[in-house]
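1. need the 3D shape of this:
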Amino acid sequence: MDRTAGQNRAAAHLYPPIEPFDQRMLSVGEGHRIYVEQCGNPDGQPVVVFHGGPGGGCSPAMRRYFDPTHYRIILFDQRGCGRSRPHASVEENTTWHLVRDIEMIREGLDIDSWIVFGGSWGATLALIYAETHPNRVTHLILRGVFLMTQRELDWFYGGGAGQFFPDRWSDFTSLIPADEHDDLIEAYGRRLFADDMQQQIRYARAWAGWENALAALQVRGSADSPSDYARAFARLENHYFRNQGWLETDNSILDNRHLIEHIPASIVQGRYDMICPPYSAYKLAEGWQKAKLTMIPAAGHALSEPGITAELVRITNGLRRA
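-> Model (predicted):
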């Protein structure tokens, strides 16, 4: 299937483009200011969107998964990325800072509880936020589940996914000397945080390019990202992965699932997701009575995959309050 045709079919399921009715920069402490926007119905059912990465930033397309006549849609750029400042900064930038920021947003907007929508790293953050503040989440909508485990990191940065994409894997690994291939996350980190800005950008674009190349089931054209985006994306991802998300244990999210099992969850997973393989979504849903896992047969990781888009819009439409 041609990628453009697939994207057009995905767009057919989305709501028309809308503009925010509120945009602000919120000071959250430690020198960070984060971008927050609201769109849709100011008096509507609140839903907050967590973007991926870490470091991906939110985009206007993310507004379009929700009926704007019904939902009050809140998007924000996490610390260090998108329109948040300082750009590409990892100082005072951890999972727990983000959880605190989310609560500052909720309180600042005078919202008691909300639907939480997130994919990839956004799903990770959604689960951690819900486990920390379970009384503030009415429903979880998760896509492309990532549980921040060593198993998942080893799959993507240790050669598992590379067996399916040996050409792309060669591009990613060839920039690193062979004697450093035993830990590519660490090896890239030394270069992403070097003093030389051009070196940072070179390795950031390679880091982002490896992930971009595997995001969709059908990929056409270049996987390159603009330098500013790639630098924030790569530095933040690498920073979070080197620190295992600052979680207490490798299996922390699943170990704490009992804290959120009263919350309904809709989980959408591409069957051929090469970035976040379906095993994690399956283990998350297993035994969770209020969770429903939907596997999309012909889909990879990307939010824009036609089958994933259609299912997510179907879910948000079904959750509209009467």
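
2. pLDDT weak spots in this protein?
-> For the chain, the stretches with pLDDT under 70 are 1-10, 219-223, 322.

3. now the helices for it?
-> With DSSP state H as the criterion, the chain has helices at 3-13, 95-108, 121-132, 150-157, 166-173, 184-192, 197-213, 227-242, 252-255, 279-285, 306-318.

4. among those, which is nearest Gly29?
-> helix 95-108 (8.2 Å; CB to CB). For the C-beta atoms, the positions are set from N, CA and C on the backbone; glycine is no exception.

5. for the closest one, packing partners?
-> Secondary-structure packing of helix 95-108 (3 or more CB pairs under 8 Å, 6 or more residues apart in numbering; DSSP states H and E): strand 22-29, strand 32-40, strand 45-50, strand 71-76, helix 121-132.

6. can you list contacts of it?
-> With CB atoms under 8 Å, 6 or more residues apart in numbering as the test, helix 95-108 has contacts from 26, 28, 30, 32, 34, 36, 48, 50, 74, 76, 78-79, 114, 125, 128-129, 132-133, 136, 240, 245-247.

7. contacting residues around the residue minimising distance to the centre of the chain?
-> The centre of the chain sits closest to Gly52, judged by CA atoms, centre = their mean, with a distance of 1.7 Å. Shown in contact with Gly52 (CB under 8 Å, 6+ apart): 118-122, 144, 303.

8. swap in Thr294?
-> Contacts of Thr294 by CB under 8 Å, 6+ apart are 266-269, 311.

9. repeat for Asp196
-> Applying CB under 8 Å, 6+ apart, no residues contact Asp196.

10. that older thread, put the buried members of the contacts of Thr294 into a ChimeraX selection.
-> Applying 16 or more other CB atoms under 10 Å to the contacts of Thr294 leaves a buried subset, and the ChimeraX line that selects it is:
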select :266,267,268,269,311
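
11. is it true that Leu140 touches Leu127?
-> Yes. Taking contacts as CB atoms under 8 Å, Leu140 lies within contact range of Leu127: 7.3 Å.

12. these two: who's more crowded?
-> Shown here are Leu140 and Leu127; by other CB atoms under 10 Å, Leu127 has more neighbours (29 against 22).

13. list the buried residues for stretch 188-206?
-> Here stretch 188-206 shows 188-189, 191-192, 200-206 as buried, counting by 16+ other CB under 10 Å.

14. so what's the most far-flung residue of the chain relative to its centre up against?
-> Going by CA atoms, centre = their mean, the residue of the chain most distant from its centre is Asp179, 31.4 Å out. Shown in contact with Asp179 (CB under 8 Å, 6+ apart): no residues.

15. with Trp121 instead?
-> Contacts of Trp121 by CB under 8 Å, 6+ apart are 50-54, 56, 146, 237, 240.

16. please redo it, this time with the cut-off set to 7 Å
-> 52-54, 146 (CB atoms under 7 Å, 6 or more residues apart in numbering).

17. same check, this time on Val313
-> Applying CB under 7 Å, 6+ apart, the residues near Val313 are 13-14, 65.

18. same thing but 10 Å
-> 10, 13-15, 64-67 (CB atoms under 10 Å, 6 or more residues apart in numbering).

19. now, which of those residues sits nearest Ser170?
-> Nearest to Ser170 among those, with distances taken as CB to CB, is Ala10, at 30.3 Å.

20. any idea how far Leu98 lies from Phe50?
-> Shown here: Leu98 relative to Phe50, a distance of 9 Å by CB to CB, to the nearest Å.

21. joint contacts of those two?
-> Going by CB under 10 Å, 6+ apart, residues that sit against Leu98 and also against Phe50 are 76, 78, 125, 128-129.

22. that older thread, now, among the contacts of Thr294, which is nearest to Arg257?
-> Ranked by distance to Arg257 (CB to CB), the contacts of Thr294 are led by Ile267 at 12.3 Å.

23. test my guess that that closest one contacts Ile141.
-> Yes. Using CB atoms under 10 Å, Ile267 is in contact with Ile141, at 8.2 Å.

24. identify the contacts common to those two.
-> With CB under 10 Å, 6+ apart, Ile267 and Ile141 have common neighbours 123, 315.

25. neighbours around Leu147, how many?
-> 23.

26. what distance do you get for it to Glu211?
-> 17 Å.

27. now the buried residues of stretch 188-206 as CSV including distance to Ile102?
-> As requested, those are exported to CSV (distance: CB to CB, whole Å):
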residue, distance to Ile102
Tyr188, 28
Gly189, 26
Arg191, 31
Leu192, 26
Gln200, 28
Ile201, 30
Arg202, 33
Tyr203, 30
Ala204, 26
Arg205, 30
Ala206, 31
